[in-house]
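Asker: After the sequence you'll find the predicted model.
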Amino acid sequence: MKGTILIVDDEPGVVEIAQVNLEPEGYTVIGASDGLEGLAKIRSAKPDLVLLDIMMPQMDGWEMLQCMEADPEMAGIPVIMLTAKTQNEDILRGLEGGAVEYITKPFYPENLVASVRIILEAFEPRLRQGWRENLIARRKRLMAIRWTKSK
């Protein structure tokens, strides 16, 4: 197996699409329907990567991301935001909050699989924090350049 992916999304169809596309690539996929369940599954399953929606009941993706960042055991797990929120402010909030990638819905399953593969292949667990911080800093710079040009 290539790794375990936790998908936290209250839309079962999104979890199913991701599962159908990631499992043939050798990933184990588990799902959670909100942030509270997602945090519990991180503690029990120890996933290698989290796909995280924002708009969910009980605990939304922003709150879950904050909880993960505050917990030393979870802070190094790479997070890809997978959401319908497409505003630049949301993208920046996700990246500044600790996500390493931000994918908007609707999405192409092939792009999702490629992002997961690239992040996990480039991810060196023993260098987890430094790699992650470097990637987040690079993405913030890129988003700032795009934001400035679009005004």
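Answerer: It's in.

Asker: buried sites along stretch 101-110?
Answerer: Using 16 or more other Cβ atoms under 10 Å as the test for burial, stretch 101-110 gives 101-103, 107. From N, CA and C alone the C-beta is placed, and that goes for glycine too.

Asker: for stretch 78-98, same thing?
Answerer: Buried residues in stretch 78-98, defined by neighbour count with 16+ other Cβ under 10 Å: 78-83, 85, 90-95, 97-98.

Asker: picking up where we left off before, okay, the buried residues of stretch 101-110 in a markdown table with distance to E11 next?
Answerer: Listed next are the buried residues of stretch 101-110 as a markdown table, based on distance: Cβ to Cβ, whole Å:
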| residue | distance to E11 |
| --- | --- |
| E101 | 19 |
| Y102 | 17 |
| I103 | 14 |
| F107 | 12 |
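
Asker: So which of the buried residues of stretch 78-98 belong to strands?
Answerer: 79-83 (DSSP state E).
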